[in-house]
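A.B. asks: only the shape, not the letters, is given here:
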């Protein structure tokens, strides 16, 4: 239609960088970050990030590696170089989430629990030009660099974060002579740096490694557009207050901190940073800073429940606590509820930028099955959610029984796996993101997750496809409700008649004893179709977990195979 | 970077249509629209809009006018045809805001206060293929059609909305034999219609005519992307509750109902539709449906204040009331405050999709100058706001004095003026949207609107550019605080020494009398630099207003010119 144009007045590529610029203007004097005795305002954080971006550019991150269109005079300088970091939840890491994209570069915060060989692998895959490392992780990074071919390692600049606030950096600690100091780096930067906004809103902003529960961690790439839209979605999904006080108990390196890095800036909220997540730090932060929200792995519940500290009941304010991952035993949840926390459970995955849905766990009432309620999953940026047969792509009927694969369509979705064309194609098969989670559609519209596709147990009574997969999650939920059980995991074990039959690995609570017969009998009463679903065998002992505390089922599957076939009575 | 893709799994063009699809899934049973005895759920509204879209497609709105790329198999059928409507705030008009875009067409709701010649002009400019008209406006549309060349009028289909709920349509009312009935149209539609989602998110969705206070109304074109993002921005800007009950006192044809059409669907809220906006209807709706928000022109305050009805104090719930346009006299505002309404004032323009900022008017306290506070104007989708010299494009210093033009950059911005290349270019000069409002930047970051650029008075003491423009808004604010004044408008009148000098047009309250000397003396005490800013002359009488109740200053400027030059004592 004549008279219509797209120009900088009416089209600006979506980027979470804009949240920081806005926060500096609108909430300039408000506290952006509080960390020990360090306190920044949004104006200061904006200024620091500008200087960081400026300094990074000076370090050779200046763009020009991709040809620019000289006919339209855009300051076109797209950078392929990446900046990696290894640090706890300290202000510097928060600043990198803005400063690196503001320099036009891509940021990747790595898991601080990785070992040197894995770090070396990921740094090479990333082709990181700069690595920012907190003093606490300097030695492991140096070990990783030793494993990288000299030529590559040489072109990599090291920036050391000394963290003057927490003061644990010892002046005697050896630092490579050619490394830079993070604070000096900022001093190098110019406060009037012109932000290198993305040319296209689908340009990448971060690379986020999965925890690698099924193998090597995968580098999941997020775009400016996806993180902008998901930051706004987080506000709705977590029912965030207009002025949130966010306590960083969630690893900031995990899924770009679930986009809370940027969402808190969007609202002009306050970030409470923590080097070490302890019960004391949590309760002190809540009482001092009036924390409104904290998140993390289920272990956060144990930390809170085991050491609530004196005089902390009731909490001074309502505090939302959102956990992702397997649900811990009921009694810990109830303990944390009683302390005054409003606990919710998130379902999601790194590929979908973290949590897809959040549901409140009502005290004493919640259903332990993993339900994705309609309201939650179909949030504002979710364009489609369905349970489909992965072969025919037909939708499962809403009968609460027919198992299919949960599939998503969303603007809050990864661009793909870094350097893994096949992996990306498999994940986006048929124009949907395939979660590899098995689920059913309930008549009321809810979707219930039954199991990870790779973990579900199929036996000879399963009729074609995914039809009658046995959900290990459901069996685990029953096991976890047994009074003597601290944690449990179920995998398939070969069976002479059924092909495969559930095998339970159970960790008992300290001082508790029980028998296989007791566990099997307990399950038989609570599980439907017990002949097929009740574990045929029980193994007692510790459960193998990965760096994020997730049970490594692939290890248990090997153990179950080694046990040999169970014998089913026909 | 290798491994990254854009496909339907991770990139879906932003469109507010998705809000309705989501509402049908998530809030299926919740009330979407309440209108008299009519009540729809979101599932029903979704179904009705699907059938509407299907029927419109059958009526010849099927696309194919633009070549499609057959190599990628997209259901490519972009429609240039448009659907116009003339109706009050009834459910059918709400449905058209979804149903027309769902058919891939562009919608334009026209001002119901237009006369037949203007309607004829706009229908031709739009090249509307279908006109949906409420029975109440059938005669004026028929008159307009008589003015359209026969060949064009013949290709235009007429759909008559009989509105069975309010029952005022008389069976004896003559309806053109070849017209269609809206309800029959829906019966024609198929409920399994496949939505024609936009191919590009910047495709147009609606054409919104300005009120034409300075001439012929301009057709302002909105995109799917802009309306999607602005719908979300409205939720933040208006601090909408999670389950809003929105009372339609704002004209739904005005700026696509400020995007509330779509924003209410985004939250799964409830729309309370009204054929006639009366005090009784407002108070009945508030007490029956627990209205949370209503908006409109300042006249809404008069309607409420003049007839609050018995037994309506206090209101059963907190009700937000947002008005846009000139502020009415203080005492009416205070009356409405006392009734329990939380009144706010919006600043915006059709080009920026309606309100840009909303500020609360604290009871008895508010400053009558038009302040855009930082928080408000720099909302989540606002990418830039500045006060600039329109010639040099340099920013005005934040000194609270230097006058410049308020300029915006936003994804919630029009695509341009329909068929007006020059107008669009002028509006988007230098990559910013030029509001034509004069303003200053305060040291604290606030931006204050001084006047419309065309209304400000410049005299010989004004030094270059916009430097010392006299704000007619400021003088009007003082006049409105005079106890005998009901309404006032100020324009420039030629002056023998100053070049131009303020001339006040004043409408007195019924039964009140005063003199020019009194008015001038009143202003002299309250205005700074009174020699230049105090009106040199006062004219008593009614003020000319346009169809939206806005004072037509261009009429007053002619009158002032006709009065001849004032004589200033040197």
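C.D. replies: It's in. From a predicted model like this one, the values you see are computed outputs, not experimental measurements.
A.B. asks: okay, and residue A:504 sits in which element?
C.D. replies: Using DSSP states H and E, residue A:504 sits within strand A:499-508.
A.B. asks: okay, now the sheet partners of that strand, with direction.
C.D. replies: Next to strand A:499-508 in the sheet, as set by DSSP bridges, lie strand A:485-495 (antiparallel), strand A:537-540 (parallel).
A.B. asks: mean pLDDT added to those strands, as CSV?
C.D. replies: Shown next, in CSV, are those (pLDDT from 0 to 100):
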stretch, mean pLDDT
strand A:485-495, 88
strand A:537-540, 93
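A.B. asks: the helix or strand hosting residue A:123: how far from the chain's middle?
C.D. replies: Counting by DSSP H and E, the element that carries residue A:123 is helix A:116-126. Between the centre of helix A:116-126 and the centre of its host chain there is 19 Å, according to CA atoms, centre = their mean, to the nearest Å.
A.B. asks: which outside residues touch that helix?
C.D. replies: A:82, A:84, A:86, A:108, A:110, A:114, A:131, A:140-141, A:143-148, A:152, A:156, A:207, A:209, A:216-217, A:219, A:418-419 (CB atoms under 8 Å, 6 or more residues apart in numbering or on different chains). No exception for glycine: its C-beta is placed from N, CA and C like everyone else's.
A.B. asks: direction included, what does the helix or strand following it pair against?
C.D. replies: Next helix or strand after helix A:116-126 toward the C-terminus (DSSP H and E): strand A:128-134. Strand A:128-134 pairs in its sheet with strand A:82-86 (parallel), strand A:157-161 (parallel), by DSSP bridges.
A.B. asks: could you look up the SS state of the closest residue to residue A:97 other than its chain neighbours?
C.D. replies: Take residue A:97 and drop its neighbours on the chain: the residue closest to it by CB to CB, 6 or more residues apart in numbering or on different chains is residue A:261, 4.3 Å away. For residue A:261, the assignment made with DSSP: H, G, I helix; E, B strand; the rest coil gives helix.
A.B. asks: for the stretch 401-550 of chain A, what lies in contact range of chain B?
C.D. replies: Within the stretch 401-550 of chain A, the residues that sit near chain B (CB under 8 Å from any CB of the partner chain) are A:408-411, A:413-421, A:423-425, A:427-428, A:431-433, A:445.
A.B. asks: are any of the residues you listed buried, and which?
C.D. replies: Neighbour counting by 16 or more other CB atoms under 10 Å in any protein chain shown classes A:408-411, A:413-420, A:423-424, A:427-428, A:432-433, A:445 among these as buried.
A.B. asks: which stretches of chain A have low pLDDT?
C.D. replies: The model of chain A has pLDDT under 70 over residues A:1, A:61-80, A:167-172, A:212-215, A:310-314, A:362-377, A:458-469, A:529-531, A:547-548, A:568-570.
A.B. asks: in the strand holding residue A:504, what counts as buried?
C.D. replies: By 16+ other CB under 10 Å, the buried positions in strand A:499-508 come out as A:499-506, A:508.
A.B. asks: for the residues you listed, which one is nearest residue A:302?
C.D. replies: If you rank these by distance to residue A:302 using CB to CB, residue A:508 comes first, at 16.2 Å.
A.B. asks: who's in contact with the closest residue to the closest one other than its chain neighbours?
C.D. replies: Nearest residue to residue A:508, sequence neighbours excluded (CB to CB, 6+ apart): residue A:484, at 5.3 Å. Listed by CB under 8 Å, 6+ apart, the contact partners of residue A:484 are A:508-509, A:512-514.
A.B. asks: now swap in residue A:293 and tell me
C.D. replies: Applying CB under 8 Å, 6+ apart, the residues near residue A:293 are A:238, A:240-241, A:244-247, A:319-322.
A.B. asks: leaving out the residues flanking it, which one is nearest to it?
C.D. replies: Once flanking residues are discounted, residue A:293 sits nearest to residue A:320: 4.6 Å by CB to CB, 6+ apart.
A.B. asks: check which helix or strand covers the one you found.
C.D. replies: Using DSSP H and E, residue A:320 sits within strand A:319-324.
A.B. asks: direction included, what does that strand pair up with?
C.D. replies: When DSSP bridges is applied, strand A:319-324 pairs with strand A:293-296 (parallel), strand A:341-349 (parallel).
A.B. asks: next helix or strand past it?
C.D. replies: In N-to-C order, the element after strand A:319-324 by DSSP H and E is helix A:330-338.
A.B. asks: packing partners of that next one?
C.D. replies: With contacts defined as 3 or more CB pairs under 8 Å, 6 or more residues apart in numbering or on different chains; DSSP states H and E, the packing partners of helix A:330-338 are helix A:299-306, strand A:341-349.
A.B. asks: could you tell me which residues of the stretch 201-350 of chain A lie near chain B?
C.D. replies: With CB under 8 Å from any CB as the criterion, the stretch 201-350 of chain A meets chain B at residues A:202, A:204, A:221, A:226, A:232, A:239, A:242, A:266.
A.B. asks: the spatially closest residue to the fifth one that is not a sequence neighbour: what secondary structure?
C.D. replies: With CB to CB, 6+ apart as the measure, residue B:232 is the residue that lies nearest to residue A:232, at 6.3 Å, once sequence neighbours are left out. State at residue B:232, reduced to three classes by three-state DSSP: helix.
A.B. asks: my guess is residue B:232 contacts residue A:380, does it?
C.D. replies: Yes. Taking CB atoms under 8 Å as the definition, residue B:232 is a contact partner of residue A:380 at 6.8 Å.
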